[in-house]
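*Asks:* quick one, fold the following:
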Amino acid sequence: MGVTQETASRPRAAARELVRRTATAALPLYLTMIASSAGGLVDTAVLGRHATASLAAFALTMAVYTPVTATVAGAMRGVMPFVAAHDDDPDGLLPVVRDGMWLGIVTGLLGAATVCAVPLIGLVFGVPQATLSALGEFPLLLAASALVAAVGNSATSTLVGLGRSRLVMRAGMTGTAAAVLLSVTLVNGVGPLPGLGLPGAGVAMLVSSLISAVVAHRGLRRSTVLAGRRLALSRPSARAVLKLAGVGVPLAATVLIKFGVLGVLSVAAARVGTVSAAAHSIAVSLVNLMFTAAVAIGQATIPLMAPYLKAGDVRGLRAGMRAAVVTALCAVLLLGCVVTVLRGPVLSLFTRDPVARHQVLPLLPLLLLVTVTDALQAVFGFGLIAIRNTVPSLAVFAVCYGLLALAAVPVSTLGGLTALWLALACANVLLVLGQGAFFHQRSGSLQAEEEATLGRA
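*Replies:* Predicted coordinates:
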């Protein structure tokens with residue numbers, strides 16, 4: 001009897017250890033993301049006090065810059081599983097890092113070109129001339145920031161793939177601190193120094209991206225298995241870069257789909273009424289606060305699953321995924337409880353309008369459901385990244401969020417915000433089922449491929 005109990009306890013102990021390792025690796029990444037989001041609010045607050053036209057121009061540029069940088073970051077996540085496969089092999093890792101840097105440069109240049117086009121985009125969509133005139137050189141500064149951030153992402157993606165999340169936190173926190181300090185100093189001025197207004201915010205964001213990139217690359221060069229290696233760019237291998245892009249580009253497209261459809265939901269909420277639009281915006285912010293934990297956990301899972309992928313251990317891969325699911329559920333539910341208990345003070349941070357707060361309160365259970373399902377689909381998505389098979393995520397997102405985009409306006413017209421968020425929850429449930437099924441099927445096929453390879457040998 002004692003032997004049976006001891007034998008049964010071993011898998012549970014191993015599962016608890018996987019959960020612990022996942023949470024430990026994810027926490028620095030989550031803190032970095034939250035600090036970055038909080039730092040971004042400083043620009044909004046400082047510019048709002050400076051001039052309304054500057055704030056409007058900032059909002060217009062950020063409406064392009066944010067999805068662009070998120071898309072580039074999504075593309076660079078495709079580097080992580082290739083890095084994790086060589087975490088103990090510096091000779092094999094070095095070309096992957098260099099090819100990843102080239103992928104970062106290419107995607108960064110595309111992103112920078114898109115941000116440069118902000119004045120034209122604003123003109124096409126009928127943005128008031130006063131806002132366009134206030135742009136000045138701000139889009140150019142943010143275009144440079146997007147390129148620098150992409151190069152920095154090549155280093156942070158490598159660090160995440162190596163399981164060095166503390167180094168990622170150091171780079172992110174340093175950049176965020178610089179952004180906050182420079183925004184406060186440059187936008188409105190300090191002492192005898194005059195304020196630069198919107199260009200000051202652009203300089204702050206560019207310098208912040210530069211500092212983060214430098215710290216990340218320095219950590220990569222000095223504190224990993226690549227210490228002492230020369231990481232300078234060499235002639236790119238088109239085939240190797242395309243191999244990285246084969247995993248990263250579907251992720252980038254998935255990010256674009258998600259941003260686009262969430263934009264459609266915002267429009268649908270705005271059609272309901274001004275208060276509904278404000279309440280929807282607050283609800284989105286609350287969900288993002290909790291959902292970010294799942295993104296951090298998903299990234300932390302990739303290097304933890306790499307040894308099982310190398311060994312063709314399907315059972316280990318699935319155990320790693322279960323640990324990620326458990327960790328994500330615990331994190332999201334914990335954050336959801338905090339938001340629910342402190343709902344009064346939390347909502348007061350976003351608005352002083354009691355009508356808007358009153359409209360958000362009944363949505364809290366539904367917001368938690370949306371967050372849980374979104375967290376689960378994200379974790380399964382990162383599982384597919386770990387096994388280098390991201391096209392299924394893109395396909396599932398295209399179908400589920402495509403249907404959601406078509407249904408958003410009629411659903412919100414009939415049932416308001418509650419119906420809109422219920423539709424989002426349904427789409428997320430379908431994503432969980434789809435991506436979970438694909439992970440199970442594709443991870444299982446790895447064993448069949450391994451057996452076929454051994455048979456041919």
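*Asks:* please state the mean pLDDT value computed over the helix or strand encompassing A213.
*Replies:* Assigned by DSSP states H and E, A213 belongs to helix 198-222. Mean pLDDT, helix 198-222: 91.
*Asks:* okay, buried residues for that helix please.
*Replies:* Buried residues in helix 198-222, counted by 16 or more other Cβ atoms under 10 Å: 198-217, 219-221. C-beta: built from backbone N, CA, C; applies to glycine.
*Asks:* and what of stretch 252-269?
*Replies:* For stretch 252-269, by 16+ other Cβ under 10 Å, it's 252-258, 261-262, 264-266, 268-269.
*Asks:* which two among those are spaced furthest apart?
*Replies:* With Cβ to Cβ as the measure, no two of these lie farther apart than A252 and A269, at 26.3 Å.
*Asks:* and F138, what does it touch?
*Replies:* Listed by Cβ atoms under 8 Å, 6 or more residues apart in numbering, the contact partners of F138 are A57, F58, T61, L198, P199, A201, G202.
*Asks:* dump the residues you listed into TSV; add distance to A155 as well.
*Replies:* Listed next are those as TSV, based on distance: Cβ to Cβ, whole Å:
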residue	distance to A155
A57	31
F58	28
T61	25
L198	29
P199	28
A201	25
G202	23
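*Asks:* pick out whichever of those residues sits closest to F382.
*Replies:* For the contacts of F138, the nearest to F382 is T61 (29.8 Å; Cβ to Cβ).
*Asks:* that closest one - how many residues pack around it?
*Replies:* By other Cβ atoms under 10 Å, 26 other residues sit near T61.
*Asks:* surely it touches L135?
*Replies:* Yes - checked against Cβ atoms under 8 Å, the pair T61 and L135 is within contact range at 6.9 Å.
*Asks:* overlap of the contact sets of those two?
*Replies:* Shared contacts of T61 and L135 (Cβ under 8 Å, 6+ apart): V118.
*Asks:* my read is G126 is in a helix, agree?
*Replies:* No - counting by DSSP: H, G, I helix; E, B strand; the rest coil, G126 falls outside a helix, being coil.
*Asks:* count of neighbours near the nearest residue to R221 once chain neighbours are set aside?
*Replies:* Spatial nearest neighbour of R221, chain neighbours left out: L231 (5.8 Å); criterion: Cβ to Cβ, 6 or more residues apart in numbering. With neighbours defined by other Cβ under 10 Å, the count for L231 comes to 15.
*Asks:* cool, A35 as well?
*Replies:* When counting by other Cβ under 10 Å, one arrives at 18 neighbours for A35.
*Asks:* do P410 as well
*Replies:* Applying other Cβ under 10 Å, I find that P410 has 12 neighbouring residues.
*Asks:* and it, what's its pLDDT?
*Replies:* Per-residue pLDDT puts P410 at 93.
*Asks:* M169 too?
*Replies:* Looking at M169, its pLDDT is 93.
*Asks:* quick one: the helix or strand where it lies to chain centroid distance?
*Replies:* Assigning secondary structure by DSSP H and E places M169 in helix 165-186. The chain centroid and the centroid of helix 165-186 are separated by 17 Å under Cα atoms, centre = their mean, to the nearest Å.
*Asks:* need the three-state assignment for the residue nearest to R221.
*Replies:* coil.
*Asks:* let me see the contact set for it.
*Replies:* Counting by Cβ under 8 Å, 6+ apart, L231 makes contact with L94, V97, R98, M101, H217, L220, R221.
*Asks:* confirm for me that the second one is in contact with T158.
*Replies:* Yes - in this structure, V97 sits in contact with T158. The criterion is Cβ under 8 Å, and the distance is 5.5 Å.
*Asks:* for those two, indicate the residue with more neighbours.
*Replies:* Between V97 and T158, counting by other Cβ under 10 Å, T158 is the more crowded of the two (30 against 26).
*Asks:* tell me, how many residues neighbour the nearest residue to that one once chain neighbours are set aside?
*Replies:* Leaving aside its sequence neighbours, T158 sits nearest to V83 (Cβ to Cβ, 6+ apart; 5.0 Å). Using other Cβ under 10 Å, V83 has 25 neighbouring residues.
*Asks:* could you measure from V83 over to S154?
*Replies:* Separation of V83 from S154 (Cβ to Cβ, to the nearest Å) stands at 10 Å.
*Asks:* overlap in contacts, those two.
*Replies:* Shared contacts of V83 and S154 (Cβ under 8 Å, 6+ apart): V97, G100.
*Asks:* show me what contacts D89?
*Replies:* V225.
*Asks:* and if you look at A277?
*Replies:* By Cβ under 8 Å, 6+ apart, the contact set of A277 is S266, A269, A270.
*Asks:* next, the buried residues of the helix holding M169.
*Replies:* Judged by neighbour count (16+ other Cβ under 10 Å), helix 165-186 contains these buried residues: 165-176, 178-180, 182-186.
*Asks:* cool, and stretch 128-138?
*Replies:* T131, L132, A134, L135, G136, F138.
*Asks:* just give me the longest helix of this protein.
*Replies:* Counting by DSSP state H, the longest helix found in the chain is helix 391-456.
*Asks:* by contact count, what packs against that one?
*Replies:* helix 238-272, helix 274-311, helix 314-341, helix 364-386 (3 or more Cβ pairs under 8 Å, 6 or more residues apart in numbering; DSSP states H and E).
*Asks:* would a markdown table of those helices with distance to L424 and mean pLDDT be doable?
*Replies:* Below are the helices and strands packed on helix 391-456 laid out as a markdown table (distance: least, Cβ to Cβ, whole Å; pLDDT from 0 to 100):
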| stretch | distance to L424 | mean pLDDT |
| --- | --- | --- |
| helix 238-272 | 7 | 90 |
| helix 274-311 | 9 | 88 |
| helix 314-341 | 15 | 92 |
| helix 364-386 | 5 | 94 |
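*Asks:* hey, which of the ones you listed is tucked in deepest?
*Replies:* Most buried of the helices and strands packed on helix 391-456 by mean neighbour count (mean count of other Cβ atoms under 10 Å) is helix 364-386; its value is a mean of 24.
*Asks:* packing partners of that helix?
*Replies:* The contact analysis (3+ Cβ pairs under 8 Å, 6+ apart) places helix 364-386 against helix 80-84, helix 238-272, helix 274-311, helix 314-341, helix 391-456.
*Asks:* which one of those helices lies nearest to A146?
*Replies:* Distance to A146, taken as Cβ to Cβ, is lowest for helix 238-272 among the helices and strands packed on helix 364-386, at 13.4 Å.
*Asks:* for that closest one, what is the distance to the chain centroid?
*Replies:* Using Cα atoms, centre = their mean, the offset of helix 238-272 from its chain centre is 11 Å.
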